[in-house]
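Enquirer: Structure here, sequence nowhere to be found:
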């Protein structure tokens, strides 16, 4: 390993030193802290279940099969317990390995200086901070590092030995079991061979990665996890309607990666300033134009990078259309392709450009790290940078977990007050008022939410029934308590039991009590409301 890449890796580690203070945030909580399979050290379950099967999110059929990342979390838990600093260090090591593997791939293509520029652009780009700092996103780090490792064994253009081919196949399997993006490895290798004009031994080099990906697909199918995530028609329509804004936003993130946000949603893509869309599209256009007018050798390598970026960014459109969310994390592997293109086109100026990339990036990463201390900081930053109703709801939930109910109430109101609303705030705006001990305000908020376009949810029905009971408005309490859908926390049943007691319907009360499955006994909760 050259001294240049060693220094670059040290600078990257220094840029992320703030991770020492970072915590578990967002999906880290259900996927790691509350994951029963990790707590029980159930390694068999890790390799036979959906990614979210045993998590705090419930038995979710996500269609994602990523046992290698779950195994890495299990290793962390056995060593570090639930101290997040060790988990963050582990993730950072995977990122550094990705950088080292990319350098191993690109140095033969463009020389040491240009390769250093390519890896600096990939490894220290501030947009990578989401994947590196968010423990739950380690699957991207692992799939990329392992995928580059597999390619490096097949990269020299010769027919690989049986030993090298077998190792490449095993690493490909591990990459594909880390994240589905690794299914593109045969395409990436084929594009690389095409760009370099390598024809000898093409199928022998393809065989290990094709076999590795194929074995994972067959195993997924055998487990009943082989169904791909298929976006709905509405999701595809939303993606198509915002396609230019999405492409421009990604382009803008490449050239002007600030502010950074962990939560962007297609529903609110119109909040993106028009100048950022225009700037991003202009940057991508300039990059393609530079490729088209470059010298033949530069054009080949830069074309490899641009095709890699297009393929790896294109595959992210499936989850974007399916879930509606997108963000900096989807740029992690594509940035390797963009880095290759930048190195190929501008590598002759690497002595100027590497410091120009590294120094501002380190500053931005230093400023970004405090966002990952806890959920309140993360979602507060998200609201600051992308003030969408969805981010307001997420901030409200984070504040609720820390008993900051007044500030959470403001966030939930904000999610319903603008031109667009997030329906997840409908029940939450009532619940936050109730947690502040303001049943009258809760009733007012519920009526206002309905006027804003909310549809009653289970939590909303339960909260409104309880608020009405506390105010002594039994007619309204009855209406909300018998509303559908049912409250998963059973607040509606408690109010119905209170109503049965008030009306002398002991048989009705007994029926509710016999079916009671709440965590706390029913009778004391009924008595508390009756006393009011």
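Expert: Received the coordinates, thanks. Because the structure is predicted, anything quoted here is derived from the model rather than measured. Residues are numbered from 1 along each chain as shown.
Enquirer: now for the lengthiest helix in the chain, which elements pack on it?
Expert: In the chain, with assignment by DSSP state H, the single longest helix is helix 84-110. In terms of contacts (3 or more Cβ pairs under 8 Å, 6 or more residues apart in numbering; DSSP states H and E), helix 84-110 is packed against helix 3-15, helix 67-80, helix 112-124, helix 129-133, helix 138-152, helix 296-314, helix 334-346. C-beta here means a position set from N, CA and C on the backbone, and glycine is covered the same way.
Enquirer: quick one: contacts of the fifth one?
Expert: The list of residues contacting helix 138-152 from outside it, by Cβ atoms under 8 Å, 6 or more residues apart in numbering, reads 66, 68-69, 72-73, 90-91, 94-95, 97-98, 101-102, 104-105, 131-132, 168-169, 171-172, 174-176, 178-179, 181-182, 185, 188-189, 192, 208-209, 212, 329, 332-333, 336.
Enquirer: same check, this time on stretch 447-457
Expert: Residues outside stretch 447-457 that contact it (Cβ under 8 Å, 6+ apart) are 416-417, 421, 423, 425-427, 429-430, 460, 464, 483-485.
Enquirer: among these, which are in helices?
Expert: Per DSSP H, helices hold the following members of the contacts of stretch 447-457: 416-417, 425-427, 429-430, 460, 464.
Enquirer: of the residues you listed, buried ones?
Expert: Among the ones in helices among the contacts of stretch 447-457, those classed as buried by neighbour count (16 or more other Cβ atoms under 10 Å) are 416, 425-427, 429-430, 460, 464.
Enquirer: sorry, back to before: pick out the most distant pair among the contacts of stretch 447-457.
Expert: The most widely separated members of the contacts of stretch 447-457, counting by Cβ to Cβ, are 417 and 484 (26.8 Å).
Enquirer: sorry, back to before: which parts of the longest helix of the chain are buried?
Expert: Going by neighbour count (16+ other Cβ under 10 Å), the buried part of helix 84-110 is 84, 87-88, 90-92, 94-107, 109-110.
Enquirer: rounded to a whole number, what's the mean pLDDT of it?
Expert: Over the span of helix 84-110, the pLDDT mean works out to 96.
Enquirer: pLDDT on whichever helix or strand residue 353 is part of, on average?
Expert: Here residue 353, judged by DSSP states H and E, is contained in helix 350-368. Averaged across helix 350-368, pLDDT comes to 93.
Enquirer: Not counting its own residues, what contacts that helix?
Expert: Here helix 350-368 makes contact (Cβ under 8 Å, 6+ apart) with 8, 11, 14-16, 18, 113-114, 116-117, 120-121, 124-126, 129, 133, 257-258, 260, 343, 346.
Enquirer: Show me just the buried residues among the residues you listed.
Expert: For the contacts of helix 350-368, buried by 16+ other Cβ under 10 Å: 8, 11, 15-16, 18, 113-114, 116-117, 120-121, 124-126, 129, 133, 257, 260, 343, 346.
Enquirer: so where is the stretch 251-400 of the chain shaky, pLDDT-wise?
Expert: 259-263 (pLDDT under 70).
Enquirer: if I look at residue 340, how far off is residue 102?
Expert: Remark: distance between residue 340 and residue 102 (Cβ to Cβ, to the nearest Å) = 8 Å.
Enquirer: Just name the closest of the contacts of stretch 447-457 to residue 319, please.
Expert: Checking the contacts of stretch 447-457 against residue 319 with Cβ to Cβ, the nearest one is residue 423 at 21.2 Å.
Enquirer: and the gap between the closest one and residue 364?
Expert: Distance, residue 423 to residue 364, by Cβ to Cβ: 35 Å.
Enquirer: what does residue 503 give?
Expert: For residue 503 relative to residue 364 (Cβ to Cβ), the value is 64 Å.
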